[in-house]
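Enquirer: what follows is a predicted protein model with its sequence.
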Amino acid sequence: MKLHDLAPNPGSKKNRKRVGRGISAGQGKTAGRGTKGQGARSGEGGKIYRQGGNLPFYRRLPFMRGQGFTPLNRVEYNEVNLDQLTESFKADAEVNPETLASARLLRDPRNPVVILGRGDVNVALKVRAHRITAGAKAKIEKAGGSVELIG
């Protein structure tokens with residue numbers, strides 16, 4: 001086999017239709033666009049809000065217009081409340097992202113953890129989290145526990 005023997009498979013290549021090149025070519029005069037109307041004009045299609053009397057597409061969508069955008073670098077936290085900790089952990093237990101994940105308290109273990117202050121703590125816990133609210137920190141330390149932030 002030589003370079004000049006190479007050829008595409010039969011039927012895999014098709015010449016493009018050259019419209020508007022005279023009546024003998026089969027696509028002359030109106031060039032397959034029909035006669036008159038929006039479809040016959042250049043730049044056909046119009047805007048997304050012109051739909052011939054139908055409710056426009058952008059108005060059919062739910063009402064989320066004018067509320068800004070979702071920032072690309074937003075950090076989503078796993079939120080854990082104090083009442084969840086008291087249900088799942090005994091006294092002097094180590095509370096960190098790994099133990100919270102094994103207790104199935106995290107929505108997505110890849111995300112950082114924030115401890116929120118709902119509920120009360122009645123046992124001393126060693127808490128290590130990425131973020132903690134001031135109220136939650138005060139309640140943990142009042143119960144004899146300790147709080148450490150993960151970098």
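Expert: Right, received. Where do you want to start?

Enquirer: tell me which element residue 8 is part of?
Expert: Secondary structure assignment for residue 8, by DSSP states H and E: no helix or strand.

Enquirer: now the closest residue in space to residue 22 that isn't next to it in sequence, what's its secondary structure?
Expert: Nearest non-adjacent residue to residue 22, counting by Cβ to Cβ, 6 or more residues apart in numbering: residue 28, 4.7 Å away. C-beta here means a position set from N, CA and C on the backbone, and glycine is covered the same way. Judged by DSSP: H, G, I helix; E, B strand; the rest coil, the three-state class of residue 28 is coil.

Enquirer: now do the SS call for residue 99.
Expert: Reduced to three states by three-state DSSP, residue 99 is helix.

Enquirer: assign the most far-flung residue of the chain relative to its centre to helix, strand or coil.
Expert: Outermost residue of the chain with respect to the C-alpha centroid, by Cα atoms, centre = their mean, is residue 24; its distance is 53.4 Å. Three-state call for residue 24 (three-state DSSP): helix.

Enquirer: picking that back up, which residues touch the residue nearest to residue 22?
Expert: Residue 28 makes contact with 20-22, according to Cβ atoms under 8 Å, 6 or more residues apart in numbering.
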